[in-house]
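>>> starting from these lines, generate the structure:
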Amino acid sequence: MHVTTVGLDLAKHVFQVHGIDQNGQVLIRRQLRRGELIGFFRRLPPCLIGMEACSTAHFWARELAALGHEVRLMPAAYVKPYVKRGKSDALDAAGICEAVTRPTMRYVAIKSSEQQAVLMLHRTRELLVRQRTMLVNALRGHLAEYGIIAPQGLPSVPKLIELAEKARSTVLPELAWRCIRLILAQIEDVHGRIGQVEQEILAWHHTSEVSQRLETIPGVGIITASAIAATISDPGSFRSGRHLAAWIGLVPRQSGTGGKVRLGHISKQGDRYLRRLLVLGATTLLRHARGKTSVTVGWINALLARRPASIVKVAIANKLARVAWAVLQGNQGYRAPAAAAA
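Sure, this is the predicted structure:
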């Protein structure tokens, strides 16, 4: 008998392997150091390897698939029910080995190195934007202690700086001004780096036919289009656009028993970054739809008449996700409704 299925518990240095044959008999239960992993699987005949989807799983999936193995990634939350009582690497690997054989298990598509690089650009931009927000908030807080305020928002920062320079010789001490200059230098540096990352995203967008098709959707810009294109490598893994919207977490959470189903707030499952980008795009569409009478925005205004704006935004984001799935699946750009085009 030979190994047909392997559960691999990933780590930084010590990996746990659990292998079974076609009858479920355990043949391998051992630990491997990082340097031993590739050599071990190179000696194994082609088999099914299951792993939990994590930050390093896509790299190892590509490496093991290159050796001829079939690799499947699974969400950790779906693997947990198959882990026996207790917590150890051996139990986790055994649970992964059991979960990967289940016919109803849902799998995560393996990302290419290019997809991971594009998503790294997005994560870097997100980090820098958070840092810029922290710096601007610190600047506002420090100047407010001396009675210097300005309207909220990044466009108002130059006005805040102008007010601080005018108050330098009056209410703002020289020592405080030196601290303000340090914060201003940080803001300028981070702002420039954000621009550099956005230029990299734009350059990749121009080379990606999928991202350019997604950009044709109203409410989807370059940032959102490139993020969707890099995240969703196989739209066929979703049966419909509704399943994609549910995966992103843009559907109500269901709670029911005895035939009674109650719908609550959105589930907020799946990719938080995509969900936030789609909601931001929906906010823009909502702002421009107010007072318009065209067919494309008529349903938005009709929904606004019955529901609060926060609920309408999520509904628009849900529709954007479904339209994005149709564009990905149909290999064509967005087509406006015929009545709107007329």
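>>> going by C-alpha atoms from here, please, whenever you check contacts or count neighbours.
Fine.
>>> need the residues that contact stretch 111-125.
58-59, 62, 194, 197-198, 200-201, 204, 226-227, 230-231, 233 (Cα atoms under 8 Å, 6 or more residues apart in numbering).
>>> now the two most distant members of those.
With distances taken as Cα to Cα, the most widely separated pair in those is Arg62 and Ile194, at 30.6 Å.
>>> of the contacts of stretch 111-125, the lowest pLDDT goes to which?
Looking at pLDDT alone, those dip lowest at Ser233, where the score is 85.
>>> so that residue sits right up against Ser211, yeah?
No: with contacts defined as Cα atoms under 8 Å, Ser233 does not count as touching Ser211, sitting 11.4 Å away.
>>> quick one, domains of the protein?
Domain assignment for the chain by automatic domain parsing gives 5-99, 113-207, 217-255+267-336.
>>> now the ones you listed as a markdown table including distance to Met105 and mean neighbour count?
Formatted as a markdown table, the domains of the chain follow (distance: least, Cα to Cα, whole Å; neighbours: other Cα atoms under 10 Å):
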| stretch | distance to Met105 | mean neighbour count |
| --- | --- | --- |
| domain 5-99 | 7 | 17 |
| domain 113-207 | 24 | 15 |
| domain 217-255+267-336 | 12 | 18 |
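>>> which of those domains comes out lowest on mean pLDDT?
Comparing mean pLDDT over the domains of the chain, the weakest stretch is domain 217-255+267-336, at a mean of 90.
>>> gap between the two ends of that domain?
Using Cα to Cα, to the nearest Å, one end of domain 217-255+267-336 lies 9 Å from the other.
>>> and it, how far from the chain's centre?
Put simply, domain 217-255+267-336 sits 14 Å off its chain's centre (Cα atoms, centre = their mean, to the nearest Å).
>>> now do stretch 129-136
On the basis of Cα atoms, centre = their mean, the separation between the geometric centre of stretch 129-136 and that of its chain is 20 Å.
>>> just the C-alpha atoms of it, please, in PDB.
Provided in PDB are the C-alpha atoms of stretch 129-136 (Å, rounded to 0.1, in the frame of the first residue of the first chain):
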ATOM      1  CA  VAL A 129      -2.700  55.100   4.000                       C
ATOM      2  CA  ARG A 130      -3.300  54.000   7.600                       C
ATOM      3  CA  GLN A 131       0.000  55.600   8.600                       C
ATOM      4  CA  ARG A 132      -0.800  58.800   6.800                       C
ATOM      5  CA  THR A 133      -4.200  58.900   8.600                       C
ATOM      6  CA  MET A 134      -2.500  58.400  12.000                       C
ATOM      7  CA  LEU A 135       0.000  61.300  11.200                       C
ATOM      8  CA  VAL A 136      -2.800  63.700  10.100                       C
END
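>>> could I get the full set of strands for the stretch 101-250 of the chain?
Listed in chain order, the strands found in the stretch 101-250 of the chain under DSSP state E, counting those that start in this stretch amount to none.
>>> in JSON lines, list the domains of the chain along with distance to Val261.
Shown next, in JSON lines, are the domains of the chain (distance: least, Cα to Cα, whole Å):
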{"stretch": "domain 5-99", "distance to Val261": "23"}
{"stretch": "domain 113-207", "distance to Val261": "37"}
{"stretch": "domain 217-255+267-336", "distance to Val261": "6"}
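>>> between these, which one is closest to Tyr107.
Closest approach to Tyr107 among the domains of the chain is made by domain 5-99 (4.8 Å; Cα to Cα).
>>> quick one, phi psi at Gly256?
Comment: the main-chain dihedrals of Gly256 come out as phi -150, psi 160, following degrees, to the nearest 10.
>>> how deep is it tucked in, by neighbour count?
Around Gly256 there are 9 other residues, counting by other Cα atoms under 10 Å.
>>> tell me the spacing between it and Trp247.
To Trp247, Gly256 is 20 Å away according to Cα to Cα.
>>> same question, Ser310
Between Ser310 and Trp247 the distance is 20 Å, computed by Cα to Cα.
>>> and if you look at Ala99?
According to Cα to Cα, Ala99 and Trp247 sit 20 Å apart.
>>> with Thr296 instead?
Where Trp247 is concerned, Thr296 sits at a distance of 25 Å (Cα to Cα).
>>> identify all contacting residues around the helix or strand that contains Gln16.
Here Gln16 sits within strand 14-20, counting by DSSP states H and E. Strand 14-20 has contacts (Cα under 8 Å, 6+ apart) with 3-10, 26-34, 37, 89-90, 93-94, 97.
>>> what's the next secondary structure element after that strand?
Secondary structure here is assigned by DSSP H and E; on that basis, the next helix or strand after strand 14-20 toward the C-terminus is strand 26-33.
>>> which helix runs longest in this protein?
The helix of greatest length in the chain, counted in residues with DSSP state H as the criterion, is given as helix 174-207.
>>> point out the other helices and strands that that helix packs with.
Other elements packing on helix 174-207 under the criterion 3 or more Cα pairs under 8 Å, 6 or more residues apart in numbering; DSSP states H and E are helix 113-144, helix 209-215, helix 222-231.
>>> please consider this matter closed, and thank you.
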